[in-house]
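Colleague: Got a predicted model here, sequence first, then my questions.
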Amino acid sequence: MYVPAHFAASPETVKALLTHPGSANLVTMTPQGLLATLLPFVYDPDAGEQGALQGHLARNNTQWSQPAVGEAMAIIQGADAYISPSWYASKAEHGRVVPTWNYTTAHVYGRLVIHDDPAWLDQQVRRLTGLHEAGFDHPWGVDDAPGRYIAGQLRAIVGVELVITRIEAKAKLSQNRPGADIDGVVAGLSAAGHAAAAADVQQAR
């Protein structure tokens with residue numbers, strides 16, 4: 001990943017990308033070429049030296065059964081948004097401004113481990129569900145569904161775990177702009193309804 005020094009993600013930003021409920025594109029190289037699947041994940045900081053991303057694939061998805069060549073990679077995407085040059089104070093001063101795109105992202109590399117084990121899958125599904133249901137007034141739990149139904153659903157999936165070996169991360173959040181331009185970006189993103197992207201810019205300044 002190309003990461004200029006002023007866009008290098010802080011450890012706090014990397015942690016937020018790993019631990020915030022979300023999804024990632026799991027990418028593997030196989031003898032037949034590249035395969036990719038978007039899947040929700042749970043970060044386990046205690047698995048391996050740098051932790052692991054844990055999720056599951058449909059059993060009919062051949063990505064899990066194709067032998068991976070070398071490292072696997074998960075691409076995590078944070079908030080992102082178009083940045084209009086009309087938001088910059090610099091536009092009125094000298095006009096030497098152009099559009100750009102703000103974003104945070106992490107490329108998480110590691111060794112892919114397959115878990116075709118009902119007990120592991122049951123635990124993973126419960127952790128994933130708990131992570132996403134936590135904010136609801138009446139959170140749904142796995143035990144709310146009939147046991148035989150859940151058992152059948154678990155048989156239809158296969159667990160995947162990316163044991164992390166290295167992370168490359170970037171936070172391009174207008175850090176290279178003057179303060180007045182950053183103020184304009186925050187105001188512009190907020191007015192456009194991109195509250196998360198505006199918050200990221202504000203936090204990075």
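Modeller: Okay, I see it.
Colleague: only C-alpha atoms for contact and neighbour calcs from this point on.
Modeller: Noted.
Colleague: nearest spatial neighbour of the residue nearest the centre of the chain, skipping sequence neighbours?
Modeller: The centre of the chain sits closest to Ile76, judged by Cα atoms, centre = their mean, with a distance of 2.7 Å. Distance criterion Cα to Cα, 6 or more residues apart in numbering; nearest residue to Ile76, sequence neighbours excluded, is Ala24 at 4.7 Å.
Colleague: Who are the packing partners of the strand or helix carrying the residue nearest to the centre of the chain?
Modeller: Counting by DSSP states H and E, the secondary-structure element that holds Ile76 is strand 72-83. Helices and strands touching strand 72-83, by 3 or more Cα pairs under 8 Å, 6 or more residues apart in numbering; DSSP states H and E, are helix 11-19, strand 22-30, strand 100-115, strand 157-172, helix 179-191, helix 195-204.
Colleague: List of residues touching stretch 59-70?
Modeller: Stretch 59-70 has contacts (Cα atoms under 8 Å, 6 or more residues apart in numbering) with 28-31, 35-37, 57, 111-112, 114, 155-158, 160.
Colleague: Please spell out which residues along it are buried.
Modeller: Arg59, Gln63, Trp64, Ala68 (16 or more other Cα atoms under 10 Å).
Colleague: Check stretch 14-24 too.
Modeller: In stretch 14-24, the ones that count as buried by 16+ other Cα under 10 Å are Val14, Leu17, Leu18, Thr19, Gly22, Ser23, Ala24.
Colleague: Kindly report the same for stretch 109-129.
Modeller: Neighbour counts using 16+ other Cα under 10 Å place 109-112, 114-116, 121-122, 124-125, 127-129 of stretch 109-129 among the buried residues.
Colleague: Kindly report the same for stretch 72-86.
Modeller: Using 16+ other Cα under 10 Å as the test for burial, stretch 72-86 gives 72-81, 83-86.
Colleague: now that stretch: how far from the chain's centre is it?
Modeller: Chain-centre distance of stretch 72-86: 10 Å, with Cα atoms, centre = their mean, to the nearest Å.
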